[in-house]
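> Any chance you could fold what I've pasted below:
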Amino acid sequence: MTAHHSPPDRVRLGLLTSTHAVNDLYQGLVPALLPLMVLERGYNYTAVSGLMLAATGLSSVVQPLFGLYADKAPRGWMVPLGFLVAALGLVLAGMSGDSYIATWLAAALCGLGIAAYHPPATVAARAAGGGSQRAMSVFAVGGTIGASFAPFLASTVVGGGALNRSWLLALPALLMALLWVAATTGSRQRGKTPASARKIAQHATNDWRAFFLLCGVIVGWSIPYVTVLSMLSLYVTRELGGTPYMGAAALTTFTAAGAIGTLLGGWLADRWGRMPTIRLGYMLALPALGALALAPDAVWAWCCTGALGVAMFMPFSAQVTLAQDYLPRNPATASGITLGLAMSIGGMVSPLFGLLSDARGIRYTLTCILVVLAVSAALTLRMRNRGVSVPRGLASSS
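The predicted model follows:
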């Protein structure tokens, strides 16, 4: 098998990374606005959970459908339309007043925009990066940066009972859309990579068995990730006696370490290959999670959290490109399933681990998700790398 590579287009990759930051800013703004809505509109926990389901659950389910649509033909317009629709939904949610139904529908619209963005943007980022894992990791970190900025933006713009100013939150999307139009209008390069990619896909075959094995690995990754993300602060403060500041610091460290791990994983995958990097990440995550479960105090837990974040995200960009190479005829669908549906399963089962924590304690829950992660790590040993098979003549001509 021979993989098709081309020189990276750094300008276009930078543009796509910026759009990812803006898109995931709105993904982060949804949970950031919920406490403000509780204070201003009196929503209870059930109402808040319903809004999160509308924004994230629906988004994860429909993302593969947008992937199928994007695979049929180049649809670059889905990238700006996605984050513009996400911004519109968020603004409407913030300005919908006392109507919960209107707020719920607006949150769902925001989720649809986020879902529409990811499959075509991920495929475009892979093409712009010329097949580089490091380029894909840079694109992924762009989303992390955008999401991490969301709480600050929400508190600054609409904090203190000012949800009526939510329209200001649309400005990042509008500015990014103008930049996108200015950068892509009349660009000759815009259609070249998708065209060659389509020619290659016509001569490639999908390996669904390998793809579903990868999906199983990602599900086994997402369950520990979501569980740690949702319970880390409580673990540090309630069970280890840490201050609220230490709980928040541990959570921030986990997110920042994840960004570092994503970049490190992309660099390692380019040097060592995808499979060694993926397996190394899972194997390093196991002792880090085990040490977190056994942490004697908050400082130890904080150190383990940093190591866990780096290790868990090392395989991230390699898994995305591997999924696309397993389904070369449907790369956007592969992105939609792996980034949307498979990863969302962790969120779906997290309430079960919440019940387990109430009954047995968070340490017991961390031990259980360590077993889940171990199964996922074992499955990586059965995975194999795959390049896209390209006829020699086509590879040289394209």
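
> wait, doesn't Thr80 sit right on Thr19?
That one is not Thr; residue 80 is Pro. Yes. Counting by Cβ atoms under 8 Å, Pro80 touches Thr19, with 7.2 Å between them. No exception for glycine: its C-beta is placed from N, CA and C like everyone else's.

> any shared contact partners between the two?
Common contact partners of Pro80 and Thr19 (Cβ atoms under 8 Å, 6 or more residues apart in numbering): 176, 180.

> More neighbours: which of the two?
Neighbour comparison, Pro80 and Thr19: the larger count goes to Thr19, with 27 against 22 (by other Cβ atoms under 10 Å).

> where does Pro120 land in three-state SS?
Secondary structure for Pro120, judged by DSSP: H, G, I helix; E, B strand; the rest coil, is helix.

> That one: what's it in contact with?
Contacts of Pro120 by Cβ under 8 Å, 6+ apart are 66, 70, 75-76, 78-79, 82, 332.

> I'd like the distance between it and Leu163.
To Leu163, Pro120 is 32 Å away according to Cβ to Cβ, to the nearest Å.

> Domain map for the protein?
10-202, 208-380 (automatic domain parsing).

> Among the contacts of Pro120, show me the least confident.
For the contacts of Pro120, the weakest pLDDT value sits at Arg75, with 76.

> show me the contacts for it.
So Arg75 contacts 69, 120 (Cβ under 8 Å, 6+ apart).

> What residues sit buried inside the host helix or strand of Tyr117?
Tyr117 is located in helix 100-128, with elements delineated by DSSP states H and E. Within helix 100-128, the residues that count as buried by 16 or more other Cβ atoms under 10 Å are 103-128.

> Likewise for stretch 38-49?
In stretch 38-49, counting by 16+ other Cβ under 10 Å, buried: 40, 43, 47.

> where does it sit relative to the chain's centre, distance-wise?
The chain centroid and the centroid of stretch 38-49 are separated by 26 Å under Cα atoms, centre = their mean, to the nearest Å.

> Which residues does that stretch contact?
With contact meaning Cβ under 8 Å, 6+ apart, stretch 38-49 is reached by 34, 37, 51, 98, 100, 161, 163.

> Now do it, average pLDDT.
Here the mean pLDDT over stretch 38-49 is 77, rounded to a whole number.

> Ends of that stretch, what's the gap?
11 Å (Cα to Cα, to the nearest Å).

> still on that earlier bit, which of the contacts of Pro120 lies at the shortest distance from Leu341?
Nearest to Leu341 among the contacts of Pro120, counting by Cβ to Cβ, is Phe66 at 11.4 Å.

> Quick check: that closest one vs Leu379, distance?
27 Å.

> These two: which is more packed in?
Comparing Phe66 with Leu379 by neighbour count (other Cβ under 10 Å), the higher total belongs to Phe66, at 25 against 17.

> Specify the local secondary structure of the more buried one.
Classification of Phe66 using three-state DSSP returns helix.

> That one and Ile337 touch, don't they?
No. Phe66 is beyond contact range of Ile337, at 10.9 Å (criterion: Cβ under 8 Å).

> just for the stretch 51-200 of the chain, where's the confidence low?
The stretch 51-200 of the chain contains residues with pLDDT under 70 at 186-200.

> related to what we said a few turns ago, need the domains of the chain in TSV with distance to Arg386, can you?
Converted to TSV, the domains of the chain look like this (distance: least, Cβ to Cβ, whole Å):
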stretch	distance to Arg386
domain 10-202	13
domain 208-380	5
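
> ranges for the helices of the stretch 1-150 of the chain?
Along the stretch 1-150 of the chain, the stretches classed as helices by DSSP state H, counting those that start in this stretch are 10-41, 45-52, 58-72, 78-94, 100-128, 133-158.

> can you put those helices in CSV and add distance to Thr305?
CSV is the format used below for the helices of the stretch 1-150 of the chain (distance: least, Cβ to Cβ, whole Å):
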stretch, distance to Thr305
helix 10-41, 20
helix 45-52, 24
helix 58-72, 25
helix 78-94, 29
helix 100-128, 27
helix 133-158, 15
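
> Let's see the pLDDT reported for Arg392.
Predicted confidence (pLDDT) for Arg392: 44.

> and stretch 355-366, how far apart are its ends?
13 Å.

> how distant is that stretch from the center of its chain?
How far stretch 355-366 lies from its chain's middle: 26 Å, per Cα atoms, centre = their mean.

> And stretch 274-282, by the same measure?
18 Å.

> phi, psi of Asn206?
For Asn206, the backbone dihedrals are phi -80, psi 140 (criterion: degrees, to the nearest 10).

> Leaving out the residues flanking it, which one is nearest to it?
Leaving aside its chain neighbours, Asn206 sits nearest to Leu327 (4.7 Å; criterion: Cβ to Cβ, 6 or more residues apart in numbering).

> hang on, isn't the one you found packed against Arg209?
No. Using Cβ under 8 Å, Leu327 makes no contact with Arg209, being 11.3 Å away.

> Other residues contacting stretch 180-187?
11-12, 15, 19, 76, 79-80, 190.
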